[in-house]
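Engineer: got a predicted structure here, sequence first:
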Amino acid sequence: MTKIRIDEGARIGYMQSGALMAEVEAETIKYGLAACAGLCSQVSIGGYTLGGGLGYSLGMYGVACDNLVSATVVLANGDIVQASESENLDLLWGLKGGGSNFGVVAELGVKLHSQRPDAYAISYVYLPAQLETVVTTINEWRAVQKQHETVCMLVSLGPDGNPYVILNGVSNSAQEEGEAAFRRFLNLGPVKITNAQVPWQEVVNLGNAMNTIPKGKVFVGAHIDSFDAPQVQKSWDAWAEVSKKAPFSILMYEFYPDKKVHEVPLESAAFAQRHPFVTVLCAIMGIDEADEFASHAWEDLLNLKRIVSASSSQAAQDSLGYANYGDPFSTQNETDEYARKLFGPNYARLQEVKRKYDPEIVFDRWFAIRPTA
Ligand SMILES: Cc1cc2nc3c(=O)[nH]c(=O)nc-3n(C[C@H](O)[C@H](O)[C@H](O)COP(=O)(O)OP(=O)(O)OC[C@H]3O[C@@H](n4cnc5c(N)ncnc54)[C@H](O)[C@@H]3O)c2cc1C
């Protein structure tokens with residue numbers, strides 16, 4: 001389920017849902033085009049697009065699900081249906097954000113956009129003592145951030161077991177422009193510097209460290225609208241505690257230019273996370289299942305999430321976090337209450353679509369919608 005077919009004239013990529021980001025990027029760039037792919041090479045286009053889809057092209061083209069133009073779906077009764085502007089439009093609407101609910105999406109048709117062959121990428125590593133200046137500098141940069149620039153700040157243990165602040169950034173531009181955009185981060189004096197103009201299909205490798213995490217992991221998304229050094233420091237302290245037990249744990253603050261996401265009317269797709277919050281991935285990873293810690297890792301994760309957003313508005317604190325950072329191994333996001341909150345004003349319409357395509361609730365994973373009676 002990894003085949004990719006490009007309709008160059010129509011600028012649509014037909015992708016089987018198991019195609020990995022690395023494969024998507026490598027294939028589309030042959031035509032000077034790109035899909036709205038995610039940050040990590042080994043994630044599939046399927047679940048990523050059906051639940052939202054945040055990546056380096058978000059500033060220019062919005063979330064991946066807003067770029068979904070068609071889908072081939074195998075329903076629970078075995079019927080194979082098409083969803084597009086001209087067929088089963090209600091299903092296409094639901095798949096854009098609520099896509100785990102209606103059937104197995106075998107193939108997605110996604111918009112492709114002109115893409116330059118290369119982009120400027122950085123990965124800078126800083127010492128813990130530099131955290132405050134990194135936070136301040138990110139906030140300064142955000143005031144002038146361009147639509148083609150994305151930066152992610154991670155707190156993580158390095159290969160030597162010591163904690164570091166890591167800044168990964170991509171400017172989808174020529175080298176000179178990227179260097180100018182990110183110079184302020186270089187001027188902070190990172191202890192490790194990697195920067196280069198790289199082929200576009202290689203930018204997904206910036207997230208490769210996430211691909212090979214051994215042992216157990218739990219994920220949750222947080223949302224913030226205050227990125228301030230004191231709260232980031234408190235979050236760091238909480239992260240450092242869990243890292244003693246789960247050494248691959250990370251916090252990743254993701255700074256996308258998200259105007260395009262907000263411009264889309266809420267009712268135009270099931271995806272309802274169009275608020276002006278910064279996404280933070282809270283991940284406890286490398287859990288030894290035999291350790292007593294494993295029994296309360298989920299509670300520790302939710303506590304970490306609370307601390308991350310504690311200085312933000314009540315709306316941000318109450319947010320479930322980015323839908324696709326829900327934990328696939330937890331049943332917390334399979335309740336009606338969860339889906340109702342996640343989809344907000346779009347939930348009632350989703351219940352109608354659910355009743356039409358999966359009334360028996362065969363597809364009950366990820367963010368499960370209950371059909372109208
Ligand atoms: C290492 C890593 C990096 C990530 N990076 C990003 C990122 O950069 N941007 C981002 O937005 N998200 C990211 N995510 C989150 C990611 O979007 C979700 O985990 C997403 O579900 C992955 O898609 P998948 O096809 O691998 O889904 P899977 O993990 O295989 O499935 C998750 C759920 O999605 C549903 N699903 C999957 N495929 C289909 C299908 N074909 N038809 C119907 N339902 C389906 C099912 O309900 C399934 O339970 C990352 C996750 C990981 C683990």
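Structural biologist: Now that the structure is in, tell me what you want to look at.
Engineer: what does this structure put close to the ligand?
Structural biologist: 17, 38-40, 43-44, 46-48, 50-55, 99-100, 104-105, 210-211, 324, 328, 365-366 (C-beta under 6 Å from any ligand atom). C-beta: built from backbone N, CA, C; applies to glycine.
Engineer: what count of nearby residues applies to Val261?
Structural biologist: Per other C-beta atoms under 10 Å, the neighbour tally for Val261 reads 21.
Engineer: one more: Asp291?
Structural biologist: Count around Asp291 with other C-beta under 10 Å applied: 13.
Engineer: ramachandran angles for it?
Structural biologist: With angles defined as degrees, to the nearest 10, Asp291 sits at phi -80, psi 150.
Engineer: is it true that Phe343 lies in a helix?
Structural biologist: Yes: counting by DSSP: H, G, I helix; E, B strand; the rest coil, Phe343 is found in a helix.
Engineer: nearest to the ligand: which residue in the stretch 151-300 of the chain?
Structural biologist: Met210 (3.7 Å; C-beta to the nearest ligand atom).
Engineer: part of a helix, is that residue?
Structural biologist: Yes: looking at Met210 with three-state DSSP, it is inside a helix.
Engineer: ok, the nearest residue to Ser57 once chain neighbours are set aside - contacts?
Structural biologist: By the measure of C-beta to C-beta, 6 or more residues apart in numbering, the closest residue to Ser57 outside its immediate chain neighbours is Cys36, 4.6 Å from it. For Cys36, the contact set (C-beta atoms under 8 Å, 6 or more residues apart in numbering) comprises 49, 53, 55, 57-58, 61-64, 67, 110-111, 113.
Engineer: thinking again about what came up before, among the residues of the chain next to the ligand, which are in helices?
Structural biologist: Gly46, Gly47, Tyr48, Leu50 (DSSP state H).
Engineer: how about low-confidence regions in this protein?
Structural biologist: 327-334 (pLDDT under 70).
Engineer: for the ligand, what is the nearest residue in it?
Structural biologist: Gly47 (2.4 Å).
Engineer: what sits against that residue?
Structural biologist: Ser17, Gly99, Ser100, Asn324, Trp366.
Engineer: can you tell me the centre-most residue of this protein?
Structural biologist: Most central in the chain under C-alpha atoms, centre = their mean is Leu54, positioned 4.1 Å from the mean C-alpha point.
Engineer: these two touch, right, it and Met252?
Structural biologist: No: using C-beta atoms under 8 Å, Leu54 is not in contact with Met252; the gap is 11.1 Å.
Engineer: need the phi and psi values for Met21.
Structural biologist: Residue torsions, per degrees, to the nearest 10, at Met21 are phi -50, psi -40.
Engineer: same question for Glu8.
Structural biologist: Torsion angles, degrees, to the nearest 10, at Glu8: phi -60, psi -40.
Engineer: burial of it, as a residue count?
Structural biologist: 13.
Engineer: wait, it touches Tyr31, no?
Structural biologist: Yes: Glu8 lies in contact with Tyr31 (C-beta under 8 Å); the separation is 5.2 Å.
Engineer: for the two, list the residues in contact with both.
Structural biologist: With C-beta under 8 Å, 6+ apart applied, the contact sets of Glu8 and Tyr31 do not overlap.
Engineer: measure Asn187 to Gln115 for me?
Structural biologist: 29 Å (C-beta to C-beta, to the nearest Å).
Engineer: the more surrounded of the two?
Structural biologist: The neighbour count for Asn187 versus Gln115, taken as other C-beta under 10 Å, is higher for Gln115 (20 against 10).
Engineer: tell me the contacts of the more buried one?
Structural biologist: Thr28, Ile29, Gly32, Leu33, Ala34, Asn172, Trp200.
Engineer: doesn't the second one belong to a strand?
Structural biologist: To tie it back to what came earlier, the one meant is Ile29. No: in this structure, Ile29 is helix, not part of a strand, as judged by three-state DSSP.
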